[in-house]
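Novice: I'd like to go over a predicted model; first the sequence, then the structure.
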Amino acid sequence: MKDIRTLSLDQLKDYFVSLGEKPFRAKQVYDWLWSKNLHSIDEMTNLSKQLRDKISEEYTINPVSVDLLQKSSDGTIKNGVKLHDGLMVESVLIPTETRTTACVSSQVGCSLNCEFCATARLKRMRNLEVAEIVDQVALIDSQSKMYFDRPLSNIVFMGMGEPMMNYKNVVEAIRKITQPEGLGMSPRRITVSTSGIPKMIKMLADEELKVKLALSLHSA
């Protein structure tokens, strides 16, 4: 069954109109999907049970889950994150006195062969979907609040995979993370780390997302 988070706001509006519902339902659902980190359609409590059941006949939500959690003596939390198809990626919470940073993955495996990187031993199996990237951020934000009593402050795309080789989904995930009706984080607190793909770096600059860029010299 298709994850409802693959639909844009306009597509959600069209969908609800096709059900005979008012277009404003789309905004209600969009807020649930991208700002409230819900795990099932049945959690959308401002929708009637009848409407929730109708949506569930066509769509689902496939949240990520923590399959393995390791906590280091310095407070770093390493998560083995399980995706809906059983594949795994790594997401890390890195705390300091002044900030908590989420290190998130953008691909399952990687097609590059950077010698210093453990992921290079894994072939690229697939790109992460937008929701799978955003879910990692929401997950680590929850852990930051639970273990350190403060929200997540920074994000780095420095986990598994090369972000520029999953360009479309990474850019859309950043939009979802930073927009007010999403997670509402400042783009200036997001860093995209890349091994260096000039064409894609130029494209990212043209997006005017106002995120930071880190270039890995080890891959040169």
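Specialist: Perfect, I can see it now.
Novice: how about stretch 195-214 as PDB, C-alpha atoms only?
Specialist: Taking C-alpha atoms only, stretch 195-214 is exported to PDB below (Å, rounded to 0.1, in the frame of the first residue of the first chain):
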ATOM      1  CA  SER A 195      32.300  13.900  -1.600                       C
ATOM      2  CA  GLY A 196      32.100  16.600  -4.300                       C
ATOM      3  CA  ILE A 197      29.900  16.400  -7.400                       C
ATOM      4  CA  PRO A 198      30.300  19.800  -9.100                       C
ATOM      5  CA  LYS A 199      27.100  19.800 -11.100                       C
ATOM      6  CA  MET A 200      24.900  18.800  -8.100                       C
ATOM      7  CA  ILE A 201      26.700  21.400  -5.900                       C
ATOM      8  CA  LYS A 202      25.800  24.100  -8.400                       C
ATOM      9  CA  MET A 203      22.200  22.900  -8.400                       C
ATOM     10  CA  LEU A 204      22.000  22.900  -4.700                       C
ATOM     11  CA  ALA A 205      23.300  26.500  -4.600                       C
ATOM     12  CA  ASP A 206      20.600  27.500  -7.100                       C
ATOM     13  CA  GLU A 207      17.900  26.100  -4.800                       C
ATOM     14  CA  GLU A 208      18.600  28.900  -2.300                       C
ATOM     15  CA  LEU A 209      17.900  26.600   0.600                       C
ATOM     16  CA  LYS A 210      20.400  28.500   2.800                       C
ATOM     17  CA  VAL A 211      21.900  25.300   4.100                       C
ATOM     18  CA  LYS A 212      25.600  24.800   4.700                       C
ATOM     19  CA  LEU A 213      27.800  22.600   2.500                       C
ATOM     20  CA  ALA A 214      30.700  20.500   3.700                       C
END
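Novice: now the strands: where do they sit in the chain?
Specialist: Counting by DSSP state E, the chain has strands at residues 2-3, 59-60, 65-71, 77-82, 88-95, 100-104, 107-108, 126-127, 154-157, 190-194, 212-215.
Novice: most neighbours per residue, which of the ones you listed?
Specialist: strand 100-104 (a mean of 25; mean count of other C-beta atoms under 10 Å). Just so you know, the C-beta spots here come from the backbone N, C-alpha and C atoms, and that holds for glycine as well.
Novice: Run through who's touching it.
Specialist: Contact with strand 100-104 is made by 91-95, 133, 136-137, 140-141, 144, 148, 150-159, as judged by C-beta atoms under 8 Å, 6 or more residues apart in numbering.
Novice: Quickly list the domain ranges of the chain.
Specialist: 2-60, 65-219 (automatic domain parsing).
Novice: Quick one: mean pLDDT for the last one?
Specialist: The reference is to domain 65-219. Per-residue pLDDT over domain 65-219 has a mean of 91.
Novice: Could you do stretch 8-28 as well?
Specialist: On average, stretch 8-28 scores 97.
Novice: quick one: it to chain centroid distance?
Specialist: Taking C-alpha atoms, centre = their mean, to the nearest Å, one finds stretch 8-28 lying 23 Å from the centre of the chain it belongs to.
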